[in-house]
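Undergrad: Curious how this folds, go ahead:
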Amino acid sequence: MKVIHRTIVASAIALCMAPAVQAQELVVGFTRDADTLDPANHRNRETETIIRNIYDGILTRSSDMQIHPEIAESYTQVSPTVYDFTIRSGITFHDGSSLTVEDVKFTLDRVILEGGMGDGQTSPRGSLLGPVESVEIVDDSTIRITLSEPWPLLPAMLPHQQIVSQAHVEEVGSAGMATQAMGAGPFRLADWRRGDSVILERFDDYYGGATGIPEAGPACVERVIFQVIPESASRVAALLSGDVHIINELPPHSMNQVENSPNAQVMTVNGTRSFFLAMNNEGDIFDDVRVRQAVAHAIDRDLIIDRILGGTATKIDGIMSPDAFGKNPDLPEYEFNPERSRELLAEAGYPDGISVTLDTEGALRDTAEAIASLLTNAGITTQVQVGEGTLLTQKWRTQGGEKEGDMYLTSWGNSTLDPFDIFVPTHRTNDRGNSAGYSNPELDALLDEAGAELDRERRGELYQQAEALVNAEVPYVYLWVPQDIYGVSTRLSNWSPSPDSRINLHRACLD
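TA: Here you go, the predicted structure:
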C-alpha cells in the first residue's frame, strides 16, 4: 500500500505584508471572458483560470507542476483501482458553511454521472476523470474513489475538478451555477459584467490552500479583476500605462517594448499546448500517406518560429511536448524540402499538385497564411479560411460522421504533461479531439495498454512506440509547442506563471 502525505515545507518563503488601508486591486488584462462560472460545465482553459481563484480542488499544482493536496490533507493508493483522500477540517465556503465530505462526493458525482449536473445535463468534464467508477464516503473525513481499471493519471487530473457546495447547487440549480459562484477559494465573486470583467474580492476566512506551496492565508490583495481585453495591442498598452498588472498572451513582437519599459517585465514559461496541422485522413486526398508527408516537408517550421513566434517555441515531431512524460526523443524530423514535397505528390498521382483549403481561427490567421504560402510554393495551393472557434470545433471534432474539410490549423493543451490527455483524444479512433479522422487499431491498442499500465517505465515505452508509429503515418503535421508569454508589472510580487496556463493569485501581492 502506497501512502502519499502532504508536503512539509522546510524552507522559509517570504509572505506578503498585510494589505494597506487603501484597498489593493490587482487587475489582469485577459484575452477572453469566462464561458461560465460553473466548474462542471466547461472545457476551456481561460474559464478554468478564473474559476480556480474562486474554487479550490482536492489536489492542486504549484507553478513547477508538482501536485499538492489542497482541500485534501493527504491521500492513499489502497490498490491499483482504489484511492482514499483525507479531507481537511475547518474549511468554509464563502457563505460561511462548512465544506464536508458530502460536498466532495456531490462535486465528483456531478461530473462523472450521466445527468449528474441536474436538469438532464451531463458534465462535459467527465472524460477528465477517465475510468472513475464511483465515489464513496468512508467516514466523516475520508472519500474513496474507485476506478473501473488501473489509471495512474488520477492524481494528475484531480486539480481540474473544483469543489462546490451541495447546498448551494441545490438552491440555485444548474442554470444558477453559471453566474452565482460560491466556492471555498481565496476570492469570492463580487460582480460579473459579461464581456467586460469578472470582479473578485478577498475571502477573509480562507483556510490557506495547499500547505506544500506554502499556505497563503487570506489573499494579499483585496480585489482581483479579470478585465477582458481581447486585442493584443490594447492589453500591452494597458500594462505599460499601469492600468493592469498581468497580461496573458503577450505577442512575441511586443516583448522588447515591455522589457524596455520601467513599469513592466516579461515572464515566460514553457507551455503545454501542442500546435499541429490536421489533415482529413477520411477524404480523397489525405488518405494517402505520401500526400501527408508532402505537406510535412513543405512547411519551414524554423522560419515561422523565428519570424512569427519570435523564437519562443520548440519544434515537435510528435504530438507531445519535449517536457512531457513518455516523449520519444528519437523521432525522425520531416525537414523542410519543397522539392521532396513535389516528388511525393507526383508519386501519389498529383504531378500538377493539389488545391486545398486550410481552416483556422482568427488568432492564428498570420501563422496560417505563412503556412499556406509555403504549401503553395511546394505545389499544394492553399487558401486560408478563418472561422469561429465553436463552429470549427463542430466541423472538425464532432464524433462520428465523415469530415468535410481539407486541413485544420489548431492545437491541444496538455496541462498534466502526461500523454493520456493529449495523445488519446487527438489520435484514438473517433475520440473527441481526433480532428484528422485518423484510425489505426494498432495505435488504439498501444494507447489502451499504456493508459492502464502501472509500471512507469513500461508505460513510457508504450507511449514512445505510439509516437514513433504516428510520426511515420503523419496524420497531422506536428508543428511546435510555444512558450506562454506574460507581461507583468514590476509592482507584482509572489507570482510566477505556470506551464498549464493558470493565473493563481492566492499569494500575489502588489508593492
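
Undergrad: Now do stretch 197-206: everything it contacts.
TA: The contact list for stretch 197-206 (CB atoms under 8 Å, 6 or more residues apart in numbering) reads 19, 33-34, 37, 50, 53-54, 92, 94, 96, 184-193, 216-219, 221-228. Every C-beta, even on glycine, is put in place using the N, C-alpha and C of the backbone.

Undergrad: distance between the ends of that stretch?
TA: Using CA to CA, to the nearest Å, the end-to-end distance of stretch 197-206 comes to 23 Å.

Undergrad: ditto for stretch 448-457
TA: Counting by CA to CA: the opening and closing residues of stretch 448-457 are 16 Å apart.

Undergrad: how does the protein divide into domains?
TA: When the chain is parsed into structural domains using automatic domain parsing, the resulting residue ranges are 19-253+490-510, 273-482.

Undergrad: Tell me which of those domains sits nearest to residue 262.
TA: Residue 262 lies closest, by CB to CB, to one member of those: domain 19-253+490-510, at 7.4 Å.

Undergrad: what about residue 178, distance to residue 35?
TA: Relative to residue 35, residue 178 is positioned 9 Å away (criterion: CB to CB, to the nearest Å).

Undergrad: just residue 185 next, same as before
TA: Residue 185 is 18 Å from residue 35, where distance means CB to CB.

Undergrad: Looking at the two now, which is surrounded by more residues?
TA: The residue with the greater number of neighbours, taking residue 185 and residue 35 and applying other CB atoms under 10 Å, is residue 185; the counts read 28 against 16.

Undergrad: Let's verify the more buried one: helix, strand, or coil?
TA: Classification of residue 185 by DSSP: H, G, I helix; E, B strand; the rest coil places it in coil.

Undergrad: Can you verify my assumption that it contacts residue 50?
TA: No - in terms of CB atoms under 8 Å, residue 185 does not count as a neighbour of residue 50; the distance is 10.8 Å.

Undergrad: Do a quick rundown of the strands in the stretch 351-500 of the chain.
TA: Under the criterion DSSP state E, counting those that start in this stretch, the stretch 351-500 of the chain contains strands at 354-360, 380-386, 407-413, 476-489, 492-493.

Undergrad: and after the last one, which helix or strand comes next?
TA: I take that to be strand 492-493. Counting by DSSP states H and E, the element after strand 492-493 in chain order, helix or strand, is strand 509-510.

Undergrad: residues in contact with that following strand?
TA: Contacts of strand 509-510 with the rest of the structure, by CB under 8 Å, 6+ apart, involve 16-17, 24, 26, 220-221, 245, 489, 491-495.

Undergrad: got the contact list for stretch 389-407?
TA: Where contact means CB under 8 Å, 6+ apart, the residues beyond stretch 389-407 that reach it are 277-280, 282-283, 285-286, 295, 356-361, 382, 387, 408, 410, 430-435, 437.

Undergrad: ok, of these, which come out buried?
TA: 277-280, 283, 285-286, 295, 356, 358-361, 382, 387, 408, 410, 431-435, 437 (16 or more other CB atoms under 10 Å).

Undergrad: Residue 511 versus residue 386, what's the distance?
TA: With distances taken as CB to CB, residue 386 is found 42 Å from residue 511.

Undergrad: Show me the contacts of stretch 197-206 that map onto strands.
TA: Residues of the contacts of stretch 197-206 located in strands (DSSP state E): 187-193, 223-228.
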